[in-house]
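Trainee: model the structure of this input:
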Amino acid sequence: MLSILSFVGKNFNSIIEKKKQNNQNTNLVPVIQVNSPVTSFVSQGFKVLTQNEKQYAYHFARAAWEGARICYFQRSYESPGLFYIFHKIFSKEKPLVVKQRLLQNGWSEEEVEQLFVYIAAVFQNSGNFKNFGDSKFIPEISYEKFEQFITTSQGYQVDQVWQSISKYIYNYDKPYGLIDLQEKNGSNSYYSNNLKGELLEAVDKFLIVQGISELNTRVVKVEDEIHVLVASVNKGEKDLGEVHNHKIKLIYGDYSPFLNSVVNHLTDALQYAANDNQKNMIQAYIDHFNSGDIEQHKQSQRHWIKDKGPKKKQNNQNTNLVPVIQVNSPVTSFVSQGFKVLTQNEKQYAYHFARAAWEGARICYFQRSYESPGLFYIFHKIFSKEKPLVVKQRLLQNGWSEEEVEQLFVYIAAVFQNSGNFKNFGDSKFIPEISYEKFEQFITTSQGYQVDQVWQSISKYIYNYDKPYGLIDLQEKNGSNSYYSNNLKGELLEAVDKFLIVQGISELNTRVVKVEDEIHVLVASVNKGEKDLGEVHNHKIKLIYGDYSPFLNSVVNHLTDALQYAANDNQKNMIQAYIDHFNSGDIEQHKQSQRHWIKDKGPVIETNIGFIETYLDPLKVRAEWEGFVAVVNKEESSLLNELVNKAEDIIKYLPWPKEFEVDIYKRPDFTSLEVLAFASSGTPLGINIPNYDDIRQNEGFKNVNLGNTIGKLSKESIKFLDEIDQEIFYKYQQEAIFLIVALHELIGHGAGKVFMKDKDGNLNFNIEKTINPLTNKKIDSFYNYGEQWHSKFGEFSGAMEECKADATALYLSTYDDVVKLLLPNQSEEERRNTVFAGWLFIVHRAVQGLEFYNPEQKKWGQAHVLARNVILQSLIKEDSEIIKIKETKQNGKPYILFKFDQSKLYTTGKKAISNLILHLQVYKSIGAGNEGIQFFSNLAVVNDQFLHYRNIIIQNKIPRRLEIQPNLVLEDGEVKLKEYESTFAGIIESQVEHHLENIETTKELFLNIQKLFQN
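Mentor: Down below sits the predicted model:
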C-alpha cells in the first residue's frame, strides 16, 4: 500500500452472509468492497503555473484542508474519533509498514485489503457515512481484527476516544445506519438528539426573522436553552429571545481552532493574489471566518464572480509556455586536435591561464542574478560529494523516474553552462521542469549539502519568472539584475555614470549600490579600500575596492604561475599588466595588457581575460567576466591571414567616404582557434577585441575565429526554410559560417573611424572638411574625451555594433574576390551557394530569434538576435518580394516557410545592406546617439504580423544546444586534456572540476554581499 487512498484492488471472494435483523431489504452488509476502483486527479495545468500562482494555490489548499476537519464533525458522532485514531496510526507508520506488521501477526492479504479499503473510504468520505447516499458503511473484517489493528499500533495508544466510539463502528441498525433526524430513525451531527422537528422548525423561523443565517450553524438543546453554535474563530454569546418557552442563544466559536488555521493560511495566500478581486475576496473570507457573519461570505462571493478567467495577452497567446530547458537539448563537445602537438611548456602555460580563467568565472554567477551564486554553491557541494551517476541511482531508488532525473540534470547542466539561471542567449530565466517538491527533495536528501541559509535565501526565486524575476533589466523596466541595487533608478544611475566619466573612472569592472544616502561604486579588485569622490544629486559617491576579491586573488595567483611559461616578452608584459589590473582594479592597467596582447602576433596559445563584453548590463556599460585559452588551427589561420593581407583593399568596397575610415589600417592578428577553456556564461563563434575604441583605432586589435565551437546543424533542426533553401544551407553551412564570421570579425568590427577629442582637446579629424553623407552637411558631433560608444548609444549599442558587423559581412560576401580568399578550393557555383547560405544563416537566425522578443516589454532579449532582425527588416523594407513567408501546417501545428529569392541577393539585397551599414557607421563615427537610436529602433519594431510569426516559431522551436568543455588537469607534473561524456551528467561533472577553489567563499560572498541585489 503506497498510500491510504491507493490500495491495490483484489477480487471480492467472500461476502458475509449475515443479514440485518428485521431488515430484509438489505441483503448485503454495508461494506466498501476491495475491488472498488481508485481514480487519481491528474493536473497537467500545474506544470505551467508560475511560482507565484503555485504559492497562491498552496496556501489556499492548506486553508481548505485545515477547514475540512469540520466535515468529520458534521458527518456522525464517531467520525472525528475515527479520523483521530487513523491519523495517529499512519503518522507513525506508513501503510506498507502497517501491512507488513499485520501480515507477520497472522493477517491474510485479503484482511489487510479489507481494513485499508475501509480506512481509505473513511478518509475520502470524511467519516463512516457515504457522501453519496448518506448511509453508513462498516469494516468488512471482524470487530476483533479491527480492534487488534488499533490496540497493537505504535501510533495510537487506546484511550477514551476508542472507548467512546467502539460500539458505533459496526452498528448500522436504526437509528445508526442513516443520516436523518432521530424521530425519522436516523442520526446526525447538526442537531442534538433531544431536539424534535417541530421545535427545530420554530427555531429556524425565529432565526430568519432575526436576520441570522443557519448556513454555518449547529443547534443543540441544553436543559431549557437552545444554543445555536456559530462557526467562527472569535468566541462569544448573544441572547436572542425565546421560542416555545426556550431561551435562544447564539454561541460563537464553533470549530474555532480549525477556522483559526484557515484564516492563517488565507492570510498567507493574500500576498500571492493575482488581482484586487482575489485580494478583496480573501479578505472577505477572513472577516467571515473570524466573525461567523454570513454577509461577509456573501461579499466574498461577489468578488469571486468578478474574478474572471485570465485574459489572453494580445499577440502573445503562446508565451504561457514554462521556460524550461528541454531534456532533448543536444550537447556539443569542444574537441581540440591541436592540444596533442603542444610542448609541455605550452601546456603548462595553457593550464595556468585556464585555471585563472575558471577561478574568475565564479564572478559571472554574481553578475547574472541574485540567486545564481547560491545555486552554484548548492550544486557544487552536492556533486563534489557524489558523482552524477551516483546521484541518479539514489534518486531512482527513492521513486524518481528516469525522466525526472533527466529534467533535473538538464536544469543543473544549464545553470552551470550559463553561469546562472538566466540564458546567456536571451537573458531570460529558466526554471526546473520537475516540481518544486522534487527539486527540494533532491537538495535536502543529498549527502554533500546540508540545507542552510543559502537554500532558505534562494528557494522562493527558483521557480518565479513573473515580473520582475523573469528578465535581466532594471527594476523600473520590470526586470532584475545584479549590477545595480533595486533602490537605484535610471535617472540617478545615468547621473552617476556621467560623473564617473568626468572623474576618469571606467564603469567596466564595477557594480553600483545605494546604501542609505550613499552611492557605492563597487570596484572588482584584490586590494580593498575606499575613496570619496564627491556628490551627485545630494548623494555621496564612494569607490569601494575589493569586489570579488577572493576570486581575483586566485586569478592573480594562477597568472603568476603562468608567467614562468610565457613564450615571449609580450606575453610576460601582458600577464604582468593583468596582475596589476586585477590587484588594483585600475582599467588603465587592463588597457595596457591589451596593448601587449595585440603585439603578440601568431602565438601558439591564444588567451584573453578580464571584464570584456557589456551585453549583460541593462545599461550596456559594465562588462561581464570572460577568460579563454585556445590553441591555433594553422590551416584555417593561413586562410584568415590571406584575408588580413588584403583587408586594406577590401575596406575600399565599403559604402562610406574615406574620411569615415581609419587613417592607417593596422593589420590585426587573425587566427582560427580551438577552444581549450572559455570561462564565461557563453561561448561566441568569434571575437574582435579589445573593445577600447582608442586602442582599436590607434594601435590595433585582434580577431579570433573559435572554430571548434561552431558544430554542424542537422537537417531536421534547420526549420522554416523551404526545401531548396534548406538543402543549400545544410550542405554549405560550415563554409558559410566560416565566411560570415571571418568578415564579421575582421572588417565588420574592425573597419570604420570614430571621431573623438583627446584629453588635450585635439580632434582626430578635420571638422571643417568632413561631410556627413546622410545630410551632406558638415558633421557637428563627436566623442569628447572619456566618452564611449556604449554610453552614447545605451541599450542599443551592442545590437547596433553586431548589426553593423553582420551586415558588413553580408555586403562584402557579394564580392567574389573576397570570397575566393577564404574559400580558394570552391568552384564559382559553390562560392555563390556558400554566399547564399551565409545570407540564409543570418536571416534564418533572425526568424528563429523572434522567440527572444518580449511583446509585453517590447524588448529584445539578445543583441545578436536584434541585430539580425534589423537586417531582415531592412531587406523587406527595400524589397517586399525578396523574402516571402507563407503559413502552412506541420505535424498538425501552424508552421511557416520562408523563401529567399536568391536572384535578388546581388541587387536589392545588396542595396538594402549597403544603406544599412552606411547609416550605422556614420552614426557611430560621429557619436549621434539620438539619431542612431531612432533609426535603429524603427527597424527593431516587431509588427503584428511578425508577432503572429513569433507565436508559430515558439510552437515549433527546437531546444538550444548545451556545450561541454574539456578540462586541463595537472597529473604528476604533466598537463593533460580531460574530456567528458557528451551528456548532461558530463556537463555537471566537467563544471564541478573546472571550479576548484573558493567554494565556501562563494557562500560567504553570497550571504554578505549579494543580498544588496536581492529583490
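Trainee: tell me who's in contact with the spatially most central residue of the chain.
Mentor: The centre of the chain sits closest to Phe430, judged by Cα atoms, centre = their mean, with a distance of 2.3 Å. When contacts are counted by Cβ atoms under 8 Å, 6 or more residues apart in numbering, Phe430 touches Pro323, Val324, Ile325, Tyr411, Ala414, Asn421, Phe422, Lys423. From N, CA and C alone the C-beta is placed, and that goes for glycine too.
Trainee: switch the cut-off to 10 Å
Mentor: Residues in contact with Phe430 (Cβ atoms under 10 Å, 6 or more residues apart in numbering) are 322-326, 410-411, 414-415, 418, 420-423, 465, 470.
Trainee: kindly report the same for Ser781.
Mentor: Going by Cβ under 10 Å, 6+ apart, Ser781 touches Phe755, Asn772, Lys792, Tyr923, Ser925, Ile926, Gly927, Ala928, Gly929, Asn930, Glu931.
Trainee: not counting its neighbours along the chain, what's nearest it?
Mentor: Ile926 (4.8 Å; Cβ to Cβ, 6 or more residues apart in numbering).
Trainee: and the one you found, its phi and psi?
Mentor: phi -90, psi 0 (degrees, to the nearest 10).
Trainee: what do you get for Ile612?
Mentor: Here Ile612 shows phi and psi, under degrees, to the nearest 10, equal to phi -110, psi -60.
Trainee: with adjacent residues omitted, what lies nearest to it?
Mentor: Nearest to Ile612 is Glu626, by Cβ to Cβ, 6+ apart, at 4.2 Å.
Trainee: give me the next element, helix or strand, following the strand or helix carrying that neighbour.
Mentor: When elements are assigned from DSSP states H and E, Glu626 belongs to strand 624-632. Counting by DSSP H and E, the next helix or strand C-terminal to strand 624-632 is helix 634-645.
Trainee: run the chain-centre distance for that following helix.
Mentor: 41 Å (Cα atoms, centre = their mean, to the nearest Å).
Trainee: and what of stretch 35-50?
Mentor: The answer for stretch 35-50 is 25 Å, by Cα atoms, centre = their mean.
Trainee: over to stretch 1008-1015?
Mentor: 18 Å.
Trainee: in it, what counts as buried?
Mentor: Going by neighbour count (16 or more other Cβ atoms under 10 Å), the buried part of stretch 1008-1015 is Ile1009, Gln1010, Leu1012, Phe1013.
Trainee: same question, stretch 665-676
Mentor: Neighbour-count burial for stretch 665-676, with 16+ other Cβ under 10 Å as criterion, is recorded at Pro668, Asp669, Phe670, Thr671, Ser672, Leu673, Glu674, Val675, Leu676.
Trainee: mind putting those in a markdown table, distance to Lys174, secondary structure and pLDDT included?
Mentor: Listed next are these as a markdown table, based on distance: Cβ to Cβ, whole Å; DSSP: H, G, I helix; E, B strand; the rest coil; pLDDT from 0 to 100:
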| residue | distance to Lys174 | secondary structure | pLDDT |
| --- | --- | --- | --- |
| Pro668 | 100 | coil | 78 |
| Asp669 | 100 | strand | 75 |
| Phe670 | 98 | strand | 80 |
| Thr671 | 97 | strand | 80 |
| Ser672 | 94 | strand | 79 |
| Leu673 | 91 | strand | 85 |
| Glu674 | 89 | strand | 88 |
| Val675 | 85 | strand | 90 |
| Leu676 | 87 | strand | 93 |
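Trainee: for the residue nearest to Ser781, list the residues it contacts.
Mentor: Here Ile926 is in contact with 660, 753-755, 765, 770, 772, 774, 779-783, 792, 932 (Cβ under 10 Å, 6+ apart).
Trainee: how near is it to Ala863?
Mentor: Ile926 sits 22 Å away from Ala863, going by Cβ to Cβ, to the nearest Å.
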